[in-house]
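S.K.: Provided below are the primary sequence and the corresponding predicted coordinates.
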Amino acid sequence: MNLIFLGPPGAGKGTHAGMLREEIGIPQAEALKAITTIDAVIDLVAGNEVILGRLSGRRVCKDCGATYHISRLDGKTTCEACGGPLIHRVDDQPDTILNRLKVYEEQTAPLIAYYEQEGLLHAVSAEEGIEVDHQLIKEALGLTA
């Protein structure tokens with residue numbers, strides 16, 4: 001199955017693509033040119049407030065790149081995996097996030113319209129949390145019994 005994930009920054013494209021890769025063996029393409037036929041396009045829909053909360057709370061280990069959210073850190077400032085310092089990336093600052101969302105909307109709207117016209121688009125809420133959102137994706141793809 002060849003899929004494309006669309007969604008604003010922080011909607012969970014990489015997270016859910018990785019989870020599907022683990023669960024059902026769908027390889028994650030490094031480039032769109034590797035795909036010859038597209039079976040479905042998942043549009044992960046999340047409001048700006050949700051995205052702002054996710055990304056502005058994200059912290060990344062400076063040494064190993066592990067990602068955390070402040071809501072789960074309990075005040076910790078070091079990486080659980082390697083002990084490195086956690087940083088707040090410039091890309092995760094509120095002003096930068098709002099600009100990224102604006103660019104996403106401008107550049108992605110034509111793709112959404114195109115894939116919807118082709119009958120490939122499945123809009124899925126990405127606001128409920130990883131487990132619920134992932135279940136919704138699998139339902140949209142017909143991967144649940």
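M.R.: That came in fine, so what should we check first? Numbers count the residues shown, from 1 in each chain.
S.K.: ranges for the helices of this protein?
M.R.: Shown for the chain, the helices assigned by DSSP state H span residues 13-24, 48-56, 94-117, 130-140.
S.K.: which helices and strands does the second one pack with?
M.R.: Helix 48-56 sits against helix 94-117, with contacts defined as 3 or more CB pairs under 8 Å, 6 or more residues apart in numbering; DSSP states H and E. In this view, the C-beta of every residue, glycine as well, is placed from N, C-alpha and C.
S.K.: got the angle between the helix it packs on and helix 48-56?
M.R.: Taking axes from the mean of the first three to the mean of the last three CA atoms, to 10 degrees, one finds helix 94-117 and helix 48-56 inclined to each other by 120 degrees.
S.K.: hmm, who's touching helix 94-117?
M.R.: For helix 94-117, the external contacting residues (CB atoms under 8 Å, 6 or more residues apart in numbering) are 4, 6, 8-10, 41, 43, 48, 51-52, 55-56, 90-91, 121.
S.K.: now, the most widely separated pair of these?
M.R.: Checked with CB to CB, the contacts of helix 94-117 reach their widest spread between 90 and 121, with 32.1 Å between them.
S.K.: low pLDDT regions in the chain?
M.R.: Residue ranges of the chain with pLDDT under 70: 26-36, 145.
S.K.: switch the cut-off to 50
M.R.: 31 (pLDDT under 50).
S.K.: tell me the spacing between the residue sitting furthest away from the middle of it and residue 59.
M.R.: Most distant residue from the mean C-alpha position of the chain: residue 83, 25.7 Å away (CA atoms, centre = their mean). From residue 83 over to residue 59 the distance is 14 Å, taken as CB to CB, to the nearest Å.
S.K.: filter the contacts of helix 94-117 down to the buried ones.
M.R.: Buried members of the contacts of helix 94-117, counted by 16 or more other CB atoms under 10 Å: 4, 6, 8, 9, 10, 41, 43, 51, 52, 55, 56, 121.
S.K.: identify the residues contacting residue 76.
M.R.: residue 86.
S.K.: and it, how far is that from residue 59?
M.R.: Per CB to CB, residue 76 is found 9 Å from residue 59.
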